[in-house]
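Colleague: Dropping a prediction and its sequence here:
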Number of protein chains: 2
Amino acid sequence: MVARSNRVTIHDVAKAAGVSVSTVSKALNDTGRMALETREKIKSIAADVGFRPNALARSLLFNRSFTVGLLTNDTYGRFTLPLMSGISEALVDHGVSVFLCAIEDDPALAKVHVDAMLDKQVDGIIATGKRVDRSLPVDLAGLPVPVVYAFTEGVPGSVILTADDSDGARLAVERLREVGRKSIVHVTGPDSFVSAVERADAFRQAVAPDALVMHGTWTEAWGHEAVAILWGGDNETPDGIFCGNDQIARGVVDALRERGVRVPEDVSIIGFDNWEIFADQTRPALTTVDMNLKELGRTAGLTILDLAEGRAVEAGLRKLPCKLVVRQSCGGDRKI
Amino acid sequence: MVARSNRVTIHDVAKAAGVSVSTVSKALNDTGRMALETREKIKSIAADVGFRPNALARSLLFNRSFTVGLLTNDTYGRFTLPLMSGISEALVDHGVSVFLCAIEDDPALAKVHVDAMLDKQVDGIIATGKRVDRSLPVDLAGLPVPVVYAFTEGVPGSVILTADDSDGARLAVERLREVGRKSIVHVTGPDSFVSAVERADAFRQAVAPDALVMHGTWTEAWGHEAVAILWGGDNETPDGIFCGNDQIARGVVDALRERGVRVPEDVSIIGFDNWEIFADQTRPALTTVDMNLKELGRTAGLTILDLAEGRAVEAGLRKLPCKLVVRQSCGGDRKI
DNA sequence: TCAACGTGAGAAAACGTTTTCTCATCATTT
DNA sequence: AAATGATGAGAAAACGTTTTCTCACGTTGA
């Protein structure tokens, strides 16, 4: 029809071996009946001519494309990249490749991408975003392929994977307690974010029902401001601050340094996200909660595979545990 | 053979319309001869039953999969994401989807990914990395599909796209001059990086053959240190600093603030990369050189498409211009 | 010696498209 | 009225696999 490629097909192998294509197929797939000698010879010839089966042809036959789509509106990749990395890592062993589609909150663009993926017969779609409590600007319900939501809001009855914010908050508080901190506050993002609220609730539960939670923006500037508030009045100052993300934590650490408050000697700081570019470059480097996004990605990948291959998967929200990454800002590998 | 899906095929449309599949195909593709009435009826029926052609089947026929692969070892995505965004944007209009493969400097993993993509008959591969003067840990020469190198080292005779570092440096110096700066220095990364050297050369050419260039690491810490050196001695201090990246620039700005030097009133600072997370959060926000990575991605996408469709593309290194993003750290929408 | 059986290998169909060819049918021209 | 031409639509082949069927041949057992 159109330009034929020069790639070697199973027919070439058959010709070279002097057998039929069926025999070649059976030989290479270790199926069917045939003389061991024939099988070996065919395998050797196939290797010699560098034959690799055309995945498109197999896909057409099996109705399995061995591709999945990752749909995201997280332009900056802060959350998408670790996730992607985990997905890819889990799936590459199964011969599955991943289409990455960045839709920037544009419903039309999203639809174009979804349609393109469906046309290409993806085995499943993983949806992710930059916020757990917002959904992508496209309706993924009723698609002819399985969908897994990771770190974004999903429709009821779907499979949703997310990090356990409460667990993260508990981890942080535990650590602050371990290093001997008694007066702990939480400086975090807006209370319009479900994550912020969940962490705050878990924080209060772990510290005290009336423990101080300061909601602001997710920025360094807010970290500075929060310190100004805490250290500006006549009240007792805290000796431990759990921050809602690493940017806030950096702001807090910088502001404290400017005031001559020593971190971690005088005050222990714990961040959230383990965004290395912040956590590592802050002086001192941030002890911070890691949401295990890569692991979350791995789970999402495996889950979509289960669904694609018809295995049952429990629907509903599943929260994966966080982990604490210890650097210097909290102090004490030993207790202070 | 295996699980048949419930998706509607051209046969279903044919049955519904009471015609043959060939007629349906011709009707939908506006080819062949047939009564206008028939054509319209078939189109309408196809739309009603929600028919979408199976891209796999078309791919098999046309030897065109309408997919390309993006291979990267830039784990952090600093450069890959904008590039990816540009590629995707340019190609989605052509119905092309992008496989993202993150290989972490692991040759074996790289080979697995490349093989998986070749098996899936990608129309081309775009290689990218985190450093212009390093190549990916896999040999992409002699592949049966076209390859474009973007922001990474490519084999001789290949198509290589990269940002014009010299242009970026010139842009920065020009701006510093425009705002009236006379004593300009360049604080940048290690001279083992080709980019650093090219920018430094262009910097010297624009300022003076013996203009001061300070090589260090790509970190905030180096920015601090450089300021300590510059302001620590008895020498005249500069009134303009061109930094090799935004992290260094942030370090410089912070260090100057700590010393009571005002930015941009006393000293103008220009960064490089336009990494918004740094450029925007620095106080004052950084004026910085943007490498137009998204545009570079767009070009890479279009180029791989040209190659895939057999159009001639000039081989060799092609440098795309940078642009200056003006914020506050350099001063003067009007001259100071 | 003949039937039954096991073995090795090929033919053909299938997956879902597109395209080339062929062939009726009907209208126009001589 | 017969030959020519235009029109509309379908049959079949092709893309590169896998799998089911079929079949020839040789071996075993009675």
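Modeller: Received it, and whenever you're ready, just let me know what you need.

Colleague: Domain-wise, how is chain A divided?
Modeller: In terms of domains, chain A is parsed into A:10-53, A:64-163+A:293-321, A:165-290 (source: automatic domain parsing).

Colleague: Mind checking these for the one nearest to chain B?
Modeller: domain A:64-163+A:293-321 (4.0 Å; CB to the nearest CB). From N, CA and C alone the C-beta is placed, and that goes for glycine too.

Colleague: hmm, the closest one in reach of chain B?
Modeller: Yes. Domain A:64-163+A:293-321 comes into contact with chain B (CB under 8 Å from any CB of the partner chain), by way of A:64-67, A:69-70, A:75-77, A:81, A:84-85, A:88, A:92, A:95, A:97-102, A:109, A:112-113, A:115-121, A:144, A:310.

Colleague: What average pLDDT does that domain get?
Modeller: Average pLDDT, domain A:64-163+A:293-321: 95.

Colleague: so how far is it from its chain's centroid?
Modeller: Distance of domain A:64-163+A:293-321 from the chain centroid (CA atoms, centre = their mean, to the nearest Å) equals 10 Å.

Colleague: Can you give me the first-to-last residue distance of that domain?
Modeller: From its first residue to its last, domain A:64-163+A:293-321 covers 32 Å (CA to CA, to the nearest Å).

Colleague: What of stretch A:312-327?
Modeller: Criterion CA to CA; first-to-last residue distance in stretch A:312-327 is 41 Å.

Colleague: Could you pull out the buried residues of that stretch?
Modeller: Across stretch A:312-327, burial judged by 16 or more other CB atoms under 10 Å in any protein chain shown covers A:320, A:322, A:324, A:325, A:326, A:327.

Colleague: can you check stretch A:29-43 too?
Modeller: Neighbour-count burial for stretch A:29-43 [16+ other CB under 10 Å]: A:39, A:42, A:43.

Colleague: Can you flag which of those belong to helices?
Modeller: A:39, A:42, A:43 (DSSP state H).

Colleague: touching DNA strand C at all, stretch A:54-65?
Modeller: Yes. Interface with DNA strand C: stretch A:54-65 contributes A:57, A:60, A:61, A:63 (CB under 7 Å from any atom of the strand).

Colleague: Residue A:316: what's its closest spatial neighbour, skipping adjacent residues?
Modeller: In space, and not counting its chain neighbours, residue A:316 is closest to residue A:160: 6.9 Å by CB to CB, 6 or more residues apart in numbering or on different chains.

Colleague: May I have the strands that pair with the helix or strand hosting that neighbour, each with its orientation?
Modeller: Per DSSP states H and E: residue A:160 is located in strand A:159-163. Strand A:159-163 pairs in its sheet with strand A:147-150 (parallel), strand A:316-320 (parallel), by DSSP bridges.

Colleague: Which one of those lies nearest to residue B:14?
Modeller: Residue B:14 lies closest to strand A:147-150 among the strands paired with strand A:159-163, at 30.4 Å (CB to CB).

Colleague: what's the closest of the strands paired with strand A:159-163 to DNA strand D?
Modeller: Among the strands paired with strand A:159-163, the nearest to DNA strand D by CB to the nearest atom of the strand is strand A:147-150 (27.0 Å).

Colleague: per-residue pLDDT, residue A:248?
Modeller: 97.

Colleague: out of the domains of chain A, nearest to residue B:265?
Modeller: So among these, domain A:165-290 is nearest, using CB to CB, at 20.3 Å.
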